[in-house]
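Colleague: coords please:
(2 chains)
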Amino acid sequence: MMLARVADSLYWIGRYVERAEHMCRLADVLLNATLDRTESSGQVARMVISAVSDGEHPEDVSPWDAAMAITMESGDSDSVTAALARARENARQVRDQLTTETWERLNLIYLRVTGPRANREFSDAPSQFLHDIIADLHLFKGAADATMSHGEGWGFLQLGVFIERAQLTGRLLQAGFGRSLGRPVTEHAAMTALLRMSCALEPYLRKHTADIQPRLIRQFLMFDEDFPRSLRFATARIEEHLSGVGRNVDLGGAAGPERLAGRLKARLLYAEAETLTGEDSDLLVATVLEECARLHAGIYDTFVAYSLEMRLPA
Amino acid sequence: MRYALAETTPIAGATAPGPAPYDEMIDPDGDVRPHYAALARRVASLSDEDLAERQRLLERFFLLQGITFTVYGAESSTERIIPTDLLPRIIPAGEWATIEAGLVQRLRALNMFLADIYSDQKILMDGVVPRELVLGAPSYRREMQNLFVPHQAYANVCGSDLIRKPDGGFAVLEDNLRVPSGVSYMLANREAAKRTFPGSFRMAGVRRIEQYPDLLLSTLRSMAADWRPNPQVVVLTPGVYNSAYFEHAYLARLMGVPLVEGRDLVTHDNMVYMRTTTGLRRVDVIYRRVDDDFIDPLTFRRDSSLGVAGLFNAYRGGNVVICNAPGTGVADDKAVYAYVPEIISYYLGEDAILPNIETFLCREPSQLSHVLANLDKLVVKAVGASGGYGMLIGPHASRAERESFADALRADPENYIAQPTIQLSTAPCLIDGAIDPRHVDLRPFILSGDKIRVTPGALTRVALKKGSLVVNSSQGGGSKDTWVLGETEAGEAGA
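Modeller: Presented below is the predicted three-dimensional model:
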């Protein structure tokens, strides 16, 4: 049993923390790519920009400015600092639900990225700055895992993490291979950059050796069973946590979001991964993104903003 | 230790400087008081850098915990910690015993007073307290009349402001029976002090205060109806933008109960429920940190969005308990304050253990003329106001200010009281790297439910500005840890 508002906040903390980590990696890969003056750096820049912007493609932005905007710009934009500020604001609203260890980690990151020295630290050594945030976010996740009860609250936190993660990986796949964008990545350097952005380079190499091919990358990011950022892995966790938190909800016979989650998990679990054409892959990724959006709405309607008439005590 | 007593600052305009303030650490002969000896030796053994390092450690602890308030600027907002002083204030066991007995006595009498004025009003009929003073007070809640309150415990949480007078005795400056705050700072200061002075802390034999959340929870539980076997307690906060939000979350976390906002609660059939992920769940006791006016838009202020519509009716129906009870403010009213010694002797037949500060009620013609004749020596306060508003500090005011205030006094004397300017005691504080005396007060916390309990500790508020007597955090005040020593006067033993 937990307050509906609290569950909602925990869910959003999960989403924002995952988003912040992802954006850090994007910015870091982007800055790295600019070090080479090759065609691939152009591909990387296009990929990152299309992964973070919804449809708009401002072509005239320099990679440095783009990385700066991804990291530091605050306000309404989707930046690392904005995501961290919102995660922390949500954490403050449910401060009583987080352990002190967990709260301290998140608060520390927030104080660092919004502190008076943050802009200079980023300008002086952007890679170090981004690396430190990622490391601190891992500490946050580790502290949460080690100190919070793995009950309902944990379930909502993890739901946020994995729905966000499935969407981010999906969008990255679209940016890298989507037909609609017309320019799928082919350069070796751009493909490794794509793997780096999803933190998948080392796990990929261990599975497929240094045989880097678009088809295998796509297969890995979509269907790998054990890689924590693959669509299959993320959707399996969504299903798992949703059935955990949904256990005690009486919907009076109506179908809850668990049904959506189970179906989505099955789609990835039983897909014919080896023979899937590029076009079918695009369709599947698009379906995953749509279903995640429906799950997001379904969770809100079922656990947070349900109508009172349905749940009045008998 | 480089520490000199505070000089008596002659107040401009005053005819004679008052007596020197009592210093918590040094006696008038310049010797360190025995209960401070161990700490004084420890501090003397530390270099300036050591002290500064400890101060940094302390501030980092508060920052990490998020014990901060936000300063909103034009471009960005920054988080500041509440100023906290490194050096603890120490109270020996004997003095604390008097304080504790006095606080218990006072709260017992005030609860009996509230139970009386909200039922038979015997004290008003007997003319001990003027009827119009009570019934005319804005904090008097007609809605509470004849409403059953378990154990007659109206003020479940009370934070009284004590000061130490130049003669060394403690006196009550103010009772806070509405929604007193500051207890989280008492607890956080203690947590920090254990990190900054672990050795001195252990040697001094300081009494524990960490049980406060447990005591608070059992006090709140004792207020629930006895046919509810496992009462659900919640803390009601106005929300994350409230300056005391940290405290609300802190208490909820340490009690292990939900922290709710008004929008999390609904009433149905005169019962109160909270919205959980699995549906509605009944609430039995609400420790509310929202003022009376805002708890129920149907009963009190209609424009409030912080409360719960229908809450008061559920309370009247006995289906939920609101702690503190609405309407307790009438007993900490500034004019009623003057009658507390009479209230104590009326209900308990005892003399007040902790004295009041001498108070002149301007509603009495003879006292009014005394106040008008001595405006340059007195502090005059509006009865209904708080937080330093509507107040004249005579010795600091200009002649013109005093004259315009005198007109206001004559026009509406019932609205004012006056008290002499009081020299608060001083305690050593670390100010800009040096140890210097600053004025302090003392806010202990008293719980009342099935019984009355005083936590052996307090929030010591500090006026960080030199010579200032204002300890409010909104006006440059800070706080420090307060060590109440156990029966064995261990302060002497540390070597």
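Colleague: neighbours of residue A:99, just the number please.
Modeller: Summarising burial for residue A:99: neighbours were counted as other CB atoms under 10 Å in any protein chain shown, giving 15. Where you see a C-beta, it was placed from the backbone N, CA and C, and this is true even at glycine.
Colleague: typo on my end, it should be residue B:269
Modeller: 11.
Colleague: same question for residue B:256.
Modeller: By the measure other CB under 10 Å, the count of residues near residue B:256 is 11.
Colleague: kindly report the same for the one 10 residues further on.
Modeller: Residue B:266 is flanked by 19 other residues according to other CB under 10 Å.
Colleague: for it, give its distance to residue B:283.
Modeller: Relative to residue B:283, residue B:266 is positioned 10 Å away (CB to CB, to the nearest Å).
Colleague: now the common contact residues for those two.
Modeller: Contact criterion CB atoms under 8 Å, 6 or more residues apart in numbering or on different chains; residues bridging residue B:266 and residue B:283 by contacting each: B:272-274.
Colleague: not counting whichever strand or helix holds residue B:410 itself, show me its contacts.
Modeller: Taking DSSP states H and E as the definition, residue B:410 sits inside helix B:399-411. Residues outside helix B:399-411 that contact it (CB under 8 Å, 6+ apart): B:362, B:368, B:371-372, B:375-376, B:380, B:392, B:394, B:397, B:416.
Colleague: just the ones of those in helices?
Modeller: Judged by DSSP state H, helices contain the following of the contacts of helix B:399-411: B:368, B:371-372.
Colleague: need the helix or strand of the chain with the lowest average pLDDT.
Modeller: By default, I'm working from chain A. When each helix and strand of chain A is scored by mean pLDDT, DSSP states H and E, helix A:308-311 comes last, with a mean of 75.
Colleague: actually chain B
Modeller: Within chain B, judged by mean pLDDT, DSSP H and E, the helix or strand with the poorest mean is strand B:68-72; its value is a mean of 64.
Colleague: which bits of chain A sit near chain B?
Modeller: Taking CB under 8 Å from any CB of the partner chain as the criterion, chain A approaches chain B at residues A:1-7, A:74, A:89, A:92-97, A:100, A:103-104, A:107-108, A:111, A:114, A:116, A:152, A:156, A:245, A:248-250, A:303-304, A:306, A:308, A:311-313.
Colleague: among the residues you listed, which ones are buried?
Modeller: With neighbours counted using 16 or more other CB atoms under 10 Å in any protein chain shown, these contain these buried positions: A:2-7, A:92-97, A:103-104, A:107-108, A:111, A:114, A:152, A:156, A:245, A:249, A:303-304, A:306, A:311.
Colleague: now for whichever strand or helix holds residue A:244, which elements pack on it?
Modeller: Take DSSP H and E as the rule and residue A:244 turns out to sit in helix A:231-245. If contacts are counted by 3 or more CB pairs under 8 Å, 6 or more residues apart in numbering or on different chains; DSSP states H and E, helix A:231-245 sits against helix A:152-177, helix A:214-223, helix A:257-269, helix A:278-299.
Colleague: most packed of the ones you listed?
Modeller: helix A:152-177 (a mean of 24; mean count of other CB atoms under 10 Å in any protein chain shown).
Colleague: helices and strands around the helix or strand harbouring residue B:483, which ones?
Modeller: Element membership of residue B:483, judged by DSSP H and E, is strand B:477-484. Using 3+ CB pairs under 8 Å, 6+ apart, the elements in contact with strand B:477-484 are strand B:84-91, helix B:183-196, strand B:460-463.
Colleague: export the ones you listed to JSON lines and tack on mean pLDDT and distance to chain A?
Modeller: As requested, the helices and strands packed on strand B:477-484 are exported to JSON lines (pLDDT from 0 to 100; distance: least, CB to the nearest CB, whole Å):
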{"stretch": "strand B:84-91", "mean pLDDT": "93", "distance to chain A": "17"}
{"stretch": "helix B:183-196", "mean pLDDT": "92", "distance to chain A": "10"}
{"stretch": "strand B:460-463", "mean pLDDT": "94", "distance to chain A": "24"}
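Colleague: residue A:275: which of these is closest?
Modeller: Go through these one by one with CB to CB and the one that ends up closest to residue A:275 is helix B:183-196, at 61.5 Å.
Colleague: quick one, the helix holding residue A:244 and helix A:278-299 angle?
Modeller: 20 degrees (axes from the mean of the first three to the mean of the last three CA atoms, to 10 degrees).
Colleague: residues touching the residue lying closest to residue A:107 once chain neighbours are set aside, list them.
Modeller: Of all residues not flanking residue A:107 in the chain, residue B:66 sits nearest, at 5.2 Å (CB to CB, 6 or more residues apart in numbering or on different chains). With contacts taken as CB under 8 Å, 6+ apart, residue B:66 has the following neighbours: A:92, A:95, A:103, A:107, B:246.
Colleague: and the stretch of helix or strand residue B:435 belongs to, how far out from the chain middle?
Modeller: Following DSSP H and E, one finds residue B:435 within strand B:434-439. The gap between where strand B:434-439 is centred and where its chain is centred comes out at 23 Å by CA atoms, centre = their mean, to the nearest Å.
Colleague: ok and the helix ranked longest in chain A relative to helix A:278-299, angle-wise?
Modeller: Longest among the helix segments of chain A by residue count, using DSSP H, is helix A:4-33. The directions of helix A:4-33 and helix A:278-299 differ by 150 degrees, with the same axes, to 10 degrees as the criterion.
Colleague: just checking, what packs against the helix or strand following helix A:4-33?
Modeller: Proceeding C-terminally, helix A:4-33 gives way to helix A:39-52 as the next helix or strand, assigned by DSSP H and E. Other elements packing on helix A:39-52 under the criterion 3+ CB pairs under 8 Å, 6+ apart are helix A:4-33, helix A:63-71, helix A:152-177, helix A:188-197.
Colleague: list the buried residues of helix A:39-52.
Modeller: A:40-52.
Colleague: cool, and stretch B:422-429?
Modeller: Counting neighbours by 16+ other CB under 10 Å, one finds that the buried residues in stretch B:422-429 are B:422-429.
Colleague: biggest separation within those, which pair?
Modeller: The most widely separated members of the buried residues of stretch B:422-429, counting by CB to CB, are B:422 and B:428 (20.3 Å).
Colleague: circling back to that earlier point, now the angle from the strand holding residue B:483 to helix B:183-196?
Modeller: Going by the same axes, to 10 degrees, strand B:477-484 makes 70 degrees with helix B:183-196.
Colleague: so who does residue B:348 touch?
Modeller: Applying CB under 8 Å, 6+ apart, we find residue B:348 in contact with B:105, B:108-109, B:112.
Colleague: how about the residue nearest the centre of chain A: what's its closest non-neighbour residue?
Modeller: Within chain A, one residue has its C-alpha closest to the average C-alpha position: by CA atoms, centre = their mean, that is residue A:165, at 2.9 Å. Beyond its immediate neighbours in the sequence, the residue positioned closest to residue A:165 (CB to CB, 6+ apart) is residue A:234, lying 4.8 Å away.
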